[in-house]
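Chemist: Just a sequence and a predicted model for now, questions to come.
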Amino acid sequence: MTELVDLKEIPVLETEHYILRGIEVRDAKELFLFMGDRETMQYITPHPVETETAMQEAIIGYLRNFSEKKEVPWIIIDKGTKEVVGQFRFHKLHPWHRKAEMGAVIRKAYQSKRVMTEVLEAVLEFGFHTLKLNRIVGDIFAGNEGSRKLLERFGFQKEGVLRQTDYDGMRYHDTVVYSLLQEEYRSK
């Protein structure tokens with residue numbers, strides 16, 4: 001079987017405190033507030049989005065990739081406050097190899113508050129059970145201690161370091177690659 005599940009729409013995932021729903025172009029304003037912030041994006045990209053229009057264009061790209069079965073993009077909402085907390089994407093989906101990479105951005109006010117601990121449980125279950133992925137990858141900048149601890153807590157294995165993969169205008173950053181296989185996930 002080489003086809004991933006044929007999703008007609010981005011499913012809603014729910015955790016105790018958060019709702020993940022399909023990203024929409026109308027989310028650009030809220031997302032730009034933190035995805036355009038250099039400090040928030042320091043471990044993700046040296047070039048955050050610079051305008052709300054650029055954020056809209058990025059969302060249009062995510063949705064196009066979803067329609068082409070290349071990614072599943074969500075926005076994360078706090079159930080209590082209804083605030084946009086962040087974004088999570090399975091991207092680089094590959095049906096033949098049954099793999100995907102994860103991408104997440106959490107706004108500053110919600111960082112270090114266990115948002116991703118709760119969200120990761122739901123998205124890993126969705127990825128391995130619903131999408132039937134065999135491999136999920138998390139690659140992070142070497143200095144991103146919070147993400148390293150999170151991935152290791154969930155059983156991701158460190159595969160190696162890609163040296164000086166990104167330049168931020170002042171220095172190069174190494175990328176550390178982690179992965180979790182379905183059999184490892186199921187054996188937990």
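Modeler: Everything's here; your move.

Chemist: Please, where are all the helices along the chain?
Modeler: 28-35, 52-67, 115-125, 145-153, 182-187 (DSSP state H).

Chemist: Which one, of these, ends up nearest to residue 105?
Modeler: Smallest distance to residue 105 across the helices of the chain (C-beta to C-beta): 5.8 Å, for helix 28-35. Glycine gets a C-beta too; all of them are placed from N, C-alpha and C.

Chemist: elements contacting the closest one?
Modeler: In terms of contacts (3 or more C-beta pairs under 8 Å, 6 or more residues apart in numbering; DSSP states H and E), helix 28-35 is packed against helix 52-67, strand 84-94, strand 99-106.

Chemist: Present those as CSV; the columns should include distance to residue 124, mean pLDDT and mean neighbour count.
Modeler: Formatted as CSV, the helices and strands packed on helix 28-35 follow (distance: least, C-beta to C-beta, whole Å; pLDDT from 0 to 100; neighbours: other C-beta atoms under 10 Å):
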stretch, distance to residue 124, mean pLDDT, mean neighbour count
helix 52-67, 19, 96, 16
strand 84-94, 10, 96, 21
strand 99-106, 9, 96, 20
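
Chemist: Which one, of those, ends up nearest to residue 126?
Modeler: Shortest separation from residue 126 across the helices and strands packed on helix 28-35 is recorded for strand 84-94, at 8.3 Å, computed as C-beta to C-beta.

Chemist: Distance check, the nearest residue to residue 99 once chain neighbours are set aside against residue 101.
Modeler: Here the nearest residue to residue 99 in space, its sequence neighbours aside, is residue 135; by C-beta to C-beta, 6 or more residues apart in numbering that works out to 4.0 Å. With distances taken as C-beta to C-beta, to the nearest Å, residue 135 is found 10 Å from residue 101.

Chemist: Same question for residue 162.
Modeler: Distance, residue 162 to residue 101, by C-beta to C-beta: 13 Å.

Chemist: shared neighbours of these two, anything?
Modeler: residue 139 (C-beta atoms under 8 Å, 6 or more residues apart in numbering).

Chemist: what does stretch 99-117 rub up against?
Modeler: With C-beta under 8 Å, 6+ apart, stretch 99-117 has contacts from 17-18, 33-35, 37, 39-41, 44, 71, 76, 78, 84-94, 119, 123, 127, 131, 133-139, 146-147, 150, 153.
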